[in-house]
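Visitor: here is my input; please provide its structure:
(one chain, ligands or ions: 2)
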Amino acid sequence: MAQALRKEPNIVVTGTPGVGKSTICEELSRKTGLKHLSVTELAKKHNISTSSEDPEDPSTRIVDEDRLLDVLENDLEDGGTVIDWHACDLFPPRLVDLVCVIRCDNKILYDRLKARSYAEKKLQENMDCEIMEVLLLEARDAYDSEIVVELKSEKTEDIDSNVDRIEQWITQWKKDHGKEGDDVKAQQQDGGKKDEDDPMFLHG
Ligand SMILES: Nc1ncnc2c1ncn2[C@@H]1O[C@H](COP(=O)(O)OP(=O)(O)OP(=O)(O)O)[C@@H](O)[C@H]1O
Ligand SMILES: [Mg+2]
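Guide: Numbers count the residues shown, from 1 in each chain. Ligands and ions are numbered 1, 2, ... in the order given. Just a heads-up that it's a prediction; the model follows:
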């Protein structure tokens, strides 16, 4: 099947719970108009999640990934989305243009999760997830390493600097892929390859 000719990119923002994904997605969506697709919210809206079977952790929701992809399919085909979820490898690579893995210092993350009154076991699992770089490894396994970037989000200033950086990347992506549709043939011919001058990739 021919590659979809999106005029705006799809960006996945992923990372351990509490690293600051939604904070960045909300600001990015506000500044760029990209559609914020929070999987947590979509799962509630479409009733596609169930409670965890772990008796110690019934509040955690398990999302039905097949149904989630059905819900997301049209938006992803159209492009112009920012997907907010603590997993990433379920999204088809052909529909993903950039994966931002949000990272956070352990002590800061611990304090954020503690503030949510997480049970010790859940808190420790999430801390291990961040320490073992689980989401970064998952992203690198699932997608071309050129489109995976790590962004720290520890201080308030990091929110704006990350959003600015992603905005610059979007501007470059639109130039490379021809927002007006003139250059979409190039996208098809080079398989959507990134411009080597793209600041996101040189310094990612
Ligand atoms: N760069 C930052 N500086 C300071 N506080 C931050 C930063 N980013 C996020 N926070 C705070 O950390 C907490 C967690 O942020 P957020 O809800 O965005 O995380 P999340 O990754 O979306 O979590 P979840 O996976 O559970 O949805 C919030 O209280 C938020 O205000
Ligand atoms: Mg969130």
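
Visitor: tell me the contacts of Leu109?
Guide: 16, 18-19, 126-127, 130 (Cβ atoms under 8 Å, 6 or more residues apart in numbering). Every residue, glycine included, has its C-beta placed from N, CA and C.

Visitor: spatially, which two of those residues are the most separated?
Guide: Farthest pair in these (Cβ to Cβ) is Val19 and Met127. Separation: 11.3 Å.

Visitor: pull up the residues of the chain that are close to ligand 1.
Guide: 15, 17-23, 40, 86, 112, 153-156, 158-159 (Cβ under 6 Å from any ligand atom).

Visitor: neighbour-wise, which of Val19 and Met127 wins?
Guide: With neighbours defined as other Cβ atoms under 10 Å, Val19 and Met127 compare such that Val19 has more, 29 against 18.

Visitor: so the more buried one touches Ile102, yeah?
Guide: Yes. Using Cβ atoms under 8 Å, Val19 is in contact with Ile102, at 4.3 Å.

Visitor: overlap in contacts, these two.
Guide: Common neighbours of Val19 and Ile102 (Cβ under 8 Å, 6+ apart) are Ser153.

Visitor: coming back round to it: show the buried residues in the residues of the chain next to ligand 1.
Guide: Among the residues of the chain next to ligand 1, those scoring as buried are 15, 17-23, 86, 112, 153-154, 158-159 (criterion: 16 or more other Cβ atoms under 10 Å).

Visitor: where does this protein get nearest to ligand 1, residue-wise?
Guide: Gly20 (2.9 Å; Cβ to the nearest ligand atom).

Visitor: surely that residue is in contact with Leu151?
Guide: No. Gly20 lies out of contact with Leu151 (Cβ under 8 Å); the separation is 9.1 Å.

Visitor: what's the overlap in contacts for those two?
Guide: 102, 158.

Visitor: what sits up against stretch 12-26?
Guide: Contacts for stretch 12-26 (Cβ under 8 Å, 6+ apart): 28, 36, 38, 82-88, 91, 96, 98-104, 109, 112-113, 116, 126, 129-130, 134-135, 138-139, 151, 153, 158-159, 162-163, 166.
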